[in-house]
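Enquirer: whatever this is, show me its structure:
(chains A, B, C and D)
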Number of protein chains: 2
Amino acid sequence: MGRPKTGHVKLLDVASACGYSVSTVSIVLSEAPLSRNVAAATRERIRKVAQQLGYHPDAHARSLRRRRSQTIAVLAYDLSDPFCTPIVRGIQAGLQPVDYLPLFMDAQTQRRLFDNYLKMILERRAEGVIVIASWIFEETNLLADIEKNQVPIIMVGRDLTKRRFSSLLVDNEVGGTLAMQHLSDLGHRRIAVIRGPDELFDSEPRWKGIRRAAEGAGIQIDPRLVFQLPNRIDPSSGFEGGVSFAKQMLENRPSFSAVLAFDDLTALGVVRGLTEAGLRVPEDCSVVGFDDVLPAIVATPGMTTIRQPLREMGLLAAQWSVQAIEALEQGHKSPVHLHRATPELVIRRSTASVAARRSRSEAKRA
Amino acid sequence: MGRPKTGHVKLLDVASACGYSVSTVSIVLSEAPLSRNVAAATRERIRKVAQQLGYHPDAHARSLRRRRSQTIAVLAYDLSDPFCTPIVRGIQAGLQPVDYLPLFMDAQTQRRLFDNYLKMILERRAEGVIVIASWIFEETNLLADIEKNQVPIIMVGRDLTKRRFSSLLVDNEVGGTLAMQHLSDLGHRRIAVIRGPDELFDSEPRWKGIRRAAEGAGIQIDPRLVFQLPNRIDPSSGFEGGVSFAKQMLENRPSFSAVLAFDDLTALGVVRGLTEAGLRVPEDCSVVGFDDVLPAIVATPGMTTIRQPLREMGLLAAQWSVQAIEALEQGHKSPVHLHRATPELVIRRSTASVAARRSRSEAKRA
DNA sequence: AGAATTTATTCAAACGTTTGAATCTTGGTG
DNA sequence: CACCAAGATTCAAACGTTTGAATAAATTCT
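Expert: Sure thing, here's the model as predicted:
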């Protein structure tokens, strides 16, 4: 009965408890190919004893021997961003059936943590890495160490195919276009735009899509109504940006009937700012966001936004990662994929036809 | 130059590259006590070579030998609940300095996943487990297996000290009291209450606190204005509950001037429901939530709510966990702690003095 | 009946570390 | 100059698995 100090039951315990050798027990319990040749009765008996003793194979010993960790690291710029949540869900969904354990690592947009996790990824011998990098890490060759060790890397939220990383992101240009088109369809012509920080990859194409749609609809974007978010650290501080821009817009600027914000949190900030200034959304001003994160969904009025299929993207990232690992296992070079997910306009209550506008706001600012 | 197929550099590689034995290299690189006796020059040289070769110790081999995984599992009922986000942050903050890796596991309120992760916790030889269990897993003796293996368990969001698990939760009764008191201070007397699902542990004490405050203020809670959330699966569906309850409240029920919701998401649902029925928050009706999660903060009007110090709780949980592990290491039995964090009233814009109410809603329902 | 095959089980060597004990240098002491 | 204590380094055995090769026993073939 005298188990050694490590509370855990091991193969040897099971073996001696049922009178077979360690090998046989291992073969049976790990369902190795050889287990075909093990008598059914034996199998039964071994399983039962293992069960009774509460045996759980030691993953470290197994990983060491098999040289496979069954682990995929997920390195996110900020796990607490609601943006990441659905991606994480998708990744989980993709990894569950193939029995890989995701190792979630939250860099909190701090370089120090990022480096630290990079080291851990290497040490824990993760077989693949998924990087959620909506916010940029300036020097992306941080990943060089990992690449060197033949660990496939998948990027979510940024196109790094030129570095030969499979990448997965939303089609920002189409997204921008959809947003602008929606406003123009509602009859808005004077539209304020809040662009993303220039450090952020999504910003430029989104802006491009917006301009293209504006052009197509014959809308002039007044440069005095274009703002740009600063390169912030905390992503959820987009909210503050939105609030303060909203106030700026209302001071000695041309009037406007709609705001197109860079993302949902910014848009929510705009709503707050406008509301505090006495305007009403959408009666006095329409607001549209981007991403479709939870806060945008449960706010009132519900935020009209451009939905990113985040969950699906996470799922795909997981699948690619597993495929790449398998390819590598077989000795093939794994292919470099690029997927631009199609965004989708979700109309809620934060936008309304310009015709429905109250005259109140006009009066107010005249 | 022929590294073996496993792309990773190992101790032997470093050793032969610099002409020392594996032992010496190990001693130096792992900063074992013996490294005091290693000549400074040798140390220098070994470190340099290791660095150049890009050596990273194999965590599995190390764990196996040392019998320590440097890992703490964090098993959450639903990682995508904004409620978990700050807790996770706190845990990270607590684990970072002591170099434990948190293993985040998201049970998604599914029994199957929960079991699966339990197995993984055992196999990966996690040294401690933190369970975020705001939503209940009916049979909590699922954890028995883990307990049996001497792995200390910390509960967040539920008191299980009677099972001898250190527990950490907000003082729900005080929270309920604070919420009700706030409404009564604002002059509200007819208050609708949405209670939590009975499966959820927080529900009862919160309700008790509410009743106590009502009594203290001489307020009668009209039973026709008391609702209860169903035992749902998806925690963020509290929102839907809020919406539909709001609508029910407005149908042939006694009138009310405030709603005290079980949590923020429910409260946001109430705001939505009221707004869609043409009422305004807080002019026509005040709403107060519980938790202080992100969506409540960025919604407009900002949600008045009872703040749980979630981050601090996570931090403490991490520290307890590490302490318990260390105690066990020294052979001591680890003590069972209980901490009831004090909640805090955060006043935003979803509540207003009853005096300021418009007569509109009164008229509407008369 | 002996050889060849199949079925059932075990041996023993790895996987990459760590670490108590052992070895081999030194330089210092009596 | 033999002896000892540090000082510097290495040996070798573990940690708990897996797995190719070996063995032993039962079956089938010629």
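Enquirer: right, is stretch A:296-311 up against chain B?
Expert: Yes - remark: stretch A:296-311 sits within contact range of chain B at A:Ile297, A:Val298, A:Ala299, A:Thr300, A:Pro301, A:Gly302, by Cβ under 8 Å from any Cβ of the partner chain. Any C-beta I mention is one placed from the backbone N, CA and C, and that applies to glycine too.
Enquirer: so which of these also contact DNA strand D?
Expert: Counting by Cβ under 7 Å from any atom of the strand, nothing from the residues of stretch A:296-311 next to chain B sits close to DNA strand D.
Enquirer: got the residues you listed as CSV, with neighbour count and secondary structure columns?
Expert: Output for those, formatted as CSV (neighbours: other Cβ atoms under 10 Å in any protein chain shown; DSSP: H, G, I helix; E, B strand; the rest coil):
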residue, neighbour count, secondary structure
A:Ile297, 19, helix
A:Val298, 28, helix
A:Ala299, 27, coil
A:Thr300, 24, coil
A:Pro301, 20, coil
A:Gly302, 16, coil
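Enquirer: which stretches of the stretch 201-350 of chain A form helices?
Expert: A:203-216, A:238-250, A:264-276, A:294-298, A:310-329 (DSSP state H, counting those that start in this stretch).
Enquirer: got the buried residues for the third one?
Expert: Pointing back at helix A:264-276 there. For helix A:264-276, a neighbour-count test (16 or more other Cβ atoms under 10 Å in any protein chain shown) marks A:Asp264, A:Leu265, A:Thr266, A:Ala267, A:Leu268, A:Gly269, A:Val270, A:Val271, A:Arg272, A:Gly273, A:Leu274, A:Thr275 as buried.
Enquirer: so which of those reach chain B?
Expert: Counting by Cβ under 8 Å from any Cβ, the members of the buried residues of helix A:264-276 near chain B are A:Leu265, A:Leu268, A:Gly269, A:Val271, A:Arg272, A:Thr275.
Enquirer: possible to save those as a markdown table with pLDDT?
Expert: What follows is those, written out as a markdown table (pLDDT from 0 to 100):
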| residue | pLDDT |
| --- | --- |
| A:Leu265 | 97 |
| A:Leu268 | 98 |
| A:Gly269 | 98 |
| A:Val271 | 98 |
| A:Arg272 | 98 |
| A:Thr275 | 97 |
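Enquirer: of the residues you listed, closest to B:Pro197?
Expert: Nearest to B:Pro197 among those is A:Leu268, at 28.2 Å by Cβ to Cβ.
Enquirer: which residue, other than its chain neighbours, is closest to that closest one?
Expert: Counting by Cβ to Cβ, 6 or more residues apart in numbering or on different chains, A:Leu268 lies nearest to B:Val298, which is 4.5 Å off, once chain neighbours are set aside.
Enquirer: also A:Arg45?
Expert: In space, A:Arg45 is closest to A:Cys18, 5.7 Å off (Cβ to Cβ, 6+ apart).
Enquirer: so what's the residue count around that neighbour?
Expert: A count of nearby residues for A:Cys18, using other Cβ atoms under 10 Å in any protein chain shown, gives 18.
Enquirer: could you check how far whichever residue of the stretch 251-366 of chain A sits closest to DNA strand C is from B:Phe83?
Expert: In the stretch 251-366 of chain A, the residue that lies nearest DNA strand C is A:Glu329 (15.6 Å; Cβ to the nearest atom of the strand). Here A:Glu329 is placed at a distance of 40 Å from B:Phe83 (Cβ to Cβ, to the nearest Å).
Enquirer: compare the two (neighbour count), which wins?
Expert: B:Phe83 (26 against 11).
Enquirer: isn't A:Leu328 right up against A:Pro152?
Expert: Yes - counting by Cβ atoms under 8 Å, A:Leu328 does reach A:Pro152; the two are 6.5 Å apart.
Enquirer: who's more crowded, the two?
Expert: A:Pro152 (24 against 17).
Enquirer: name the nearest residue to that one, sequence neighbours excluded.
Expert: The nearest residue in space to A:Pro152 (Cβ to Cβ, 6+ apart) is A:Ala324, at 3.6 Å.
Enquirer: burial of that neighbour, as a residue count?
Expert: Neighbour tally, A:Ala324, other Cβ under 10 Å: 23.
Enquirer: quick one: residues contacting it.
Expert: By Cβ atoms under 8 Å, 6 or more residues apart in numbering or on different chains, the residues touching A:Ala324 are A:Gly128, A:Pro152, A:Ile154, A:Ser166, A:Ser334.
Enquirer: A:Arg212 too?
Expert: A:Arg212 neighbours (Cβ under 8 Å, 6+ apart): A:Glu173, A:Gly176, A:Thr177.
Enquirer: pLDDT value on A:Phe165, please?
Expert: Looking at A:Phe165, its pLDDT reads 94.
Enquirer: for stretch A:119-126, C-alpha coordinates in CSV please.
Expert: C-alpha atoms of stretch A:119-126 as CSV (Å, rounded to 0.1, in the frame of the first residue of the first chain):
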residue,chain,number,x,y,z
LYS,A,119,10.7,31.6,-23.6
MET,A,120,8.0,29.5,-22.0
ILE,A,121,6.7,28.5,-25.4
LEU,A,122,10.1,27.2,-26.3
GLU,A,123,10.6,25.5,-23.0
ARG,A,124,7.3,23.8,-22.8
ARG,A,125,7.9,22.6,-26.3
ALA,A,126,4.7,23.9,-27.7
